[in-house]
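Chemist: this is a predicted model, with the sequence first.
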Amino acid sequence: QLQLVESGGGLVQPGGSLRLSCAASGYTLDYYHIGWFRQAPGKEREGVSCFSSTGGSTKYADSVKGRFTMSRDNAKNTVYLQMNSLKPEDTAVYYCAAAPWYRMGYECEPTGEYDYWGRGTQVTVSS
């Protein structure tokens, strides 16, 4: 069973940066697309970004494009979400999720269906 654990959340001032980590265990991430989602209080869950295992491409929601960057460290079986120029509206619980690439297609989709989920990490952007 693939297990995902997020870390790296916290309180940061507007304009600041955070790097979230999604550490996987149980299986290598080599064959899984990875997505980052977030959910703010009273709002629907939003697909933020994804990383394709098939070719390493990434996709981002318009709301974070140019500010957030995903990367993967194969040796650590970990995916990262670097978040820069943070805004108060980025405040949410952030979740990472995984899906076998053959279920979603050759390229990941930020709003696709993912099978495995972490428990989330809180990000609060406030002065």
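Modeler: Cool, got the structure. Numbering: from 1, shown residues only.
Chemist: would you map the helices across the protein?
Modeler: 101-104 (DSSP state H).
Chemist: separation between residue 104 and residue 20?
Modeler: 21 Å (Cβ to Cβ, to the nearest Å). For glycine as for every other residue, the C-beta is placed from the backbone atoms N, C-alpha and C.
Chemist: repeat for residue 92
Modeler: For residue 92, the distance to residue 20 (Cβ to Cβ) stands at 11 Å.
Chemist: got it, and residue 73?
Modeler: 13 Å.
Chemist: so what sits against both of those two?
Modeler: Shared contacts of residue 73 and residue 20 (Cβ atoms under 8 Å, 6 or more residues apart in numbering): residue 80.
Chemist: which one's more surrounded, the two?
Modeler: The residue with more neighbours, out of residue 73 and residue 20, is residue 20; 24 against 12, by other Cβ atoms under 10 Å.
Chemist: who does the more buried one form a beta bridge with?
Modeler: In this structure, residue 20 has beta-bridge partners residue 81, where bridges are defined by DSSP bridges.
Chemist: what segments of the protein are strands?
Modeler: 3-7, 10-12, 18-25, 32-39, 46-51, 58-60, 68-73, 78-83, 92-100, 116-117, 121-125 (DSSP state E).
Chemist: name the helices or strands packed onto the longest one?
Modeler: The helices and strands touching strand 92-100, judged by 3 or more Cβ pairs under 8 Å, 6 or more residues apart in numbering; DSSP states H and E, are strand 3-7, strand 18-25, strand 32-39, strand 78-83, strand 116-117, strand 121-125.
Chemist: distance from the chain centre to the shortest one, please.
Modeler: Using Cα atoms, centre = their mean, to the nearest Å, the distance from the centre of strand 116-117 to the centre of the chain it belongs to is 11 Å.
Chemist: which neighbours do residue 92 and residue 20 share?
Modeler: Contact criterion Cβ under 8 Å, 6+ apart; residues shared by residue 92 and residue 20: residue 123.
Chemist: turn the strands of the chain into TSV, columns for distance to residue 109 and mean pLDDT.
Modeler: Conversion of the strands of the chain to TSV gives the following (distance: least, Cβ to Cβ, whole Å; pLDDT from 0 to 100):
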stretch	distance to residue 109	mean pLDDT
strand 3-7	18	97
strand 10-12	28	98
strand 18-25	17	97
strand 32-39	8	96
strand 46-51	6	96
strand 58-60	7	95
strand 68-73	13	95
strand 78-83	16	97
strand 92-100	9	97
strand 116-117	16	96
strand 121-125	22	98
